[in-house]
Every structure is written in C-alpha cells, then in structure tokens.
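Participant: Okay, sequence plus prediction incoming.
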Amino acid sequence: MTKQSSTSADPEKKSLARNKRALHDYHVVETWEAGLMLTGTEIKSLRTGQANMSDSYGVVRDGEVFLLNLHIPPYEQGNQFNHDPTRTRKLLLHKKEIKRMIGAVERQGLTLIPLELYFKRGKAKVALALGKGKKLHDKRADEKKRDDQREMARALRAR
C-alpha cells in the first residue's frame, strides 16, 4: 500500500496506509484497534506519511501479538541508529482481546490481517482484523455482485 490522505469521518484519525488487498482476499470476521511499539526513527518516518502494509500479517506468539512485514522506510535524517524497515513489531492489546485472537487463530484457523495504519490523537494505531480466506468462487461472486450494483446505479442515474 502507499501513502494516502485522510478521508475518514473521524477528525482525530489520520490515515497513513490501507491494505486494500485484505478485503479482496479475506472475509473479515472481527476487527480491533491496536497500538504499535515503535522506535523513535520509525514514528518520525511514519509522520512523513510513508508505510507499506501489503504483505503484512499478524501472529500470536507466547501470549503476545506481533505484526510481521510492515514496511516503514528508514528515516532520512536518521543516523546509524536507524531501524530495520521490516522488523517484527509488537502490538499493544488487552489480555482479553489476545485470548480471543488465540482461540480464533489456533482453533478456527483464521488469519490476523492489518487493514489500516493511522494516527489517532498523535499515537500510531493499526486496525487489525480476524479474517477467513476467500475461495476463488467467493472472489468471483463478490466481483459479480459489485458489477451488478454498479450497473443498477448506472441505470438509476440514466432515468
């Protein structure tokens, strides 16, 4: 994903990146808002508005949730203490939420997928979803449904 401008209704929320592919590939079952443990150069790099979450996913390990493959580019003014762009980052969630995720990921075989990265009241947050992978016929059905809705809207506009 690439840098995007804020288009949400919440004025305190400034969107940095969205994972558009996630809604195409997964049925979203449940979503949470999680904080991110970041280093100083990572947060400075995010404030410039660059992040890529197209290949990122979440894992539950030892009772904690981590986000893998979230690409935050190195901070341009950073020195030798600049961060690794794709390092594993810990997500900050309540224990009850983590227990729910453990049950869903390990027993039901669902996947943790980040949907959006944003700033809320000056703190970096990630919208994390529990998703079930779509089959090819599900993707085709969604595409057909979207095309039908587009044609109906076009027909109504022509009246």
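Facilitator: It's in.
Participant: Can I get whichever strand or helix holds residue 16 in PDB, CA atoms only?
Facilitator: Here residue 16 sits within strand 13-18, counting by DSSP states H and E. Output in PDB follows, covering the C-alpha atoms of strand 13-18 (Å, rounded to 0.1, in the frame of the first residue of the first chain):
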ATOM      1  CA  LYS A  13      -7.900  10.000  12.800                       C
ATOM      2  CA  LYS A  14      -5.300  10.500  10.100                       C
ATOM      3  CA  SER A  15      -4.800   7.500   7.800                       C
ATOM      4  CA  LEU A  16      -1.300   6.500   6.700                       C
ATOM      5  CA  ALA A  17      -1.800   3.300   4.700                       C
ATOM      6  CA  ARG A  18      -4.600   0.900   3.900                       C
END
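Participant: who are the neighbours of the helix or strand just after that strand, in terms of helices and strands?
Facilitator: Counting by DSSP H and E, the next helix or strand C-terminal to strand 13-18 is helix 20-25. Under the contact criterion of 3 or more C-beta pairs under 8 Å, 6 or more residues apart in numbering; DSSP states H and E, helix 20-25 touches strand 111-120, strand 123-133, helix 136-158. Heads up, the C-betas are built off the backbone N, CA and C, glycines and all.
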